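Undergrad: just a sequence and a predicted model for now, questions to come.
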Amino acid sequence: MEISQKQARKLKVSPKIVLSPGLEKCCLRASAKTSYQQAEEDIEELMGIKVGHSSLHRLVERTELPLAQAQSESAGVSIDGGKICLRGEEKEGGQWRDYKLVSLHGNVCEAFFQDPEGLKNWSNVQPLSPIVTFLGDGHPGIWNAVESFATQSWRVRPLVDKSCCNQGSTGNPY
């Protein structure tokens, strides 16, 4: 369905986009929770509207979400990370990529996918208490993320869950 420029302004949608703001929001939520293929099936089942997985992917790619900004100081930060398998072609298999999740206690959470520089930039604009407690599992990648916060002038007090650490680990670098 095509709409005119005038109709698009009145409906507050782009004239080249065929999704309503409500459907676009549903598509983004479904895409965030599962694969594009599964999101396509879920949207069709729940809403009776077919939105292809390629359209969902393009929608996600062009959508800019602002990073969360803490409104008050945090005295605690939890950081975790992991790997996620990105589906490829059937013959190629999946590719594993890194992500980091950060929670500023009592404030906001943020996720970073393959973006250590983004994590560093974000962490340096967040309001933190003079003494901050970091909670992580002791993995070297987590301590690298903690170091991204260390450009601010405050004292670091890490807490480590020793049960998650590697047996051969030399321990906490702080």
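TA: Nice, I can see it.
Undergrad: any idea whether the residue nearest the centre of the chain is helix, strand or coil?
TA: Closest to where the C-alpha atoms of the chain average out (C-alpha atoms, centre = their mean) is Ala111, at 3.1 Å. Of the three states, Ala111 takes strand according to DSSP: H, G, I helix; E, B strand; the rest coil.
Undergrad: quick one: the longest strand anywhere in the chain to chain centroid distance?
TA: Longest strand in the chain, counting residues (DSSP state E): strand 74-86. Chain-centre distance of strand 74-86: 10 Å, with C-alpha atoms, centre = their mean, to the nearest Å.
Undergrad: for it, packing partners?
TA: Here strand 74-86 touches strand 95-104, strand 128-136, helix 140-149, going by 3 or more C-beta pairs under 8 Å, 6 or more residues apart in numbering; DSSP states H and E. The way it works is simple: take the backbone N, C-alpha and C, and place the C-beta from them, glycine included.
Undergrad: quickly, which of these bottoms out on average pLDDT?
TA: Out of the helices and strands packed on strand 74-86, helix 140-149 stands lowest, with a mean of 84 (criterion: mean pLDDT).
Undergrad: and Glu147, how many neighbours?
TA: Each residue near Glu147 was counted by other C-beta atoms under 10 Å, and the total is 14.
Undergrad: now Ser123
TA: Ser123, neighbours per other C-beta under 10 Å, totals 23.
Undergrad: residues contacting it?
TA: Val102, Ser148, Phe149 (C-beta atoms under 8 Å, 6 or more residues apart in numbering).
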